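Asker: Sequence first, then the predicted structure:
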Amino acid sequence: MQESVVITKAVYLASAVRKDQYPEVRRPEVAFIGRSNVGKSSLINSLTRIRRLAHVSSKPGKTQTINFYELLLRVDGGEERHPVHLVDLPGYGYAKAARDSRQTWAKFIEEYFLTSEHLRFVCLLLDIRHLPMASDLRMFSWLVEKDIPVLVVATKADKLGKNARRTQIAAMRRALGVPELTILPYASPKSEGRSELLDVMKDNLIE
Ligand code: GTP
Ligand code: MG
């Protein structure tokens, strides 16, 4: 069966800590947010199938800047190539980060969210093995409060068996306080969840 969304090109565009460093030409975009080490950069690599597009590390705090990537999407076998942007954000909740750097984090991420007219939705990544922590709950309610559409993605799904996944996802929904919430399980090593995420991108990023 032909995939409904095909990425025909994926390139790194820019890294930024301030608005004037954002790419000049903006496209409809999706941002990836979550605790340090939750798997944001890995998900971008698995989605684009380019192994080292985003930098991954086993140590938390790897991504320190807002990184923009441009993708061209072909939809339903059509001729047109739709440019969209993926935005990899630095993780929060890294215990070892100095207080100062945590405050800087909040500032420049907030600036990004509050000035991004092209942002169509945010993927909030949560490790499937843990219930959302206070910082995740704060992030979730903040996004909801700001009317920014959120897709919750449960990362590292390969670490749990099928039944444990189901139980854990139900517990995550309860913890977030939204019983009907869609939570997409994702496993970067095998790109599980990839076509589902591409479908969400197609529905939300393509005009
Ligand atoms: P920061 O940039 O520090 O905020 O982290 P990040 O959220 O970008 O995490 P990153 O993608 O760098 O991954 C952190 C660690 O988790 C790495 O060792 C990855 O190999 C591992 N990892 C990420 N996703 C998965 C996954 O789906 N399954 C498994 N088993 N490991 C994963
Ligand atoms: Mg990262």
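Answerer: It's in. Ligands and ions are numbered 1, 2, ... in the order given.
Asker: gap between the residue nearest to Ser46 when sequence neighbours are not counted and ligand 2?
Answerer: Leaving aside its chain neighbours, Ser46 sits nearest to Ser188 (4.1 Å; criterion: Cβ to Cβ, 6 or more residues apart in numbering). To be clear about C-beta, it is placed using only N, CA and C from the backbone, and glycine gets the same treatment. Distance, Ser188 to ligand 2, using Cβ to the ion, to the nearest Å: 12 Å.
Asker: since we're on Ser188, how many residues are nearby?
Answerer: 22 (other Cβ atoms under 10 Å).
Asker: likewise the one 5 residues further on?
Answerer: One way to gauge burial is a neighbour count; for Gly193, by other Cβ under 10 Å, it gives 20.
Asker: Same check on Pro179?
Answerer: Residues lying near Pro179 (other Cβ under 10 Å) number 8.
Asker: Could you check how many residues crowd around the nearest residue to it once chain neighbours are set aside?
Answerer: Leaving aside its chain neighbours, Pro179 sits nearest to Arg173 (5.7 Å; criterion: Cβ to Cβ, 6+ apart). Using other Cβ under 10 Å, the number of residues around Arg173 comes to 16.
Asker: now swap in Asn45 and tell me
Answerer: Asn45 has 20 nearby residues by other Cβ under 10 Å.
Asker: got a list of what it touches?
Answerer: Applying Cβ atoms under 8 Å, 6 or more residues apart in numbering, we find Asn45 in contact with Arg51, Arg52, Leu53, Ala54, Val56, Ser188.
Asker: Among those residues, which one lies nearest to Gln64?
Answerer: Ala54 (12.4 Å; Cβ to Cβ).
Asker: returning to that earlier point: the contacts of Asn45: which two are farthest apart?
Answerer: Pairwise distances across these (Cβ to Cβ) peak at 13.2 Å, for the pair Arg52 and Ser188.
Asker: so can I have a markdown table of the contacts of Asn45 showing secondary structure, pLDDT and distance to ligand 1?
Answerer: Putting these into a markdown table (DSSP: H, G, I helix; E, B strand; the rest coil; pLDDT from 0 to 100; distance: Cβ to the nearest ligand atom, whole Å) gives the following:
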| residue | secondary structure | pLDDT | distance to ligand 1 |
| --- | --- | --- | --- |
| Arg51 | coil | 85 | 11 |
| Arg52 | coil | 88 | 12 |
| Leu53 | coil | 89 | 11 |
| Ala54 | coil | 88 | 7 |
| Val56 | coil | 87 | 4 |
| Ser188 | helix | 97 | 4 |
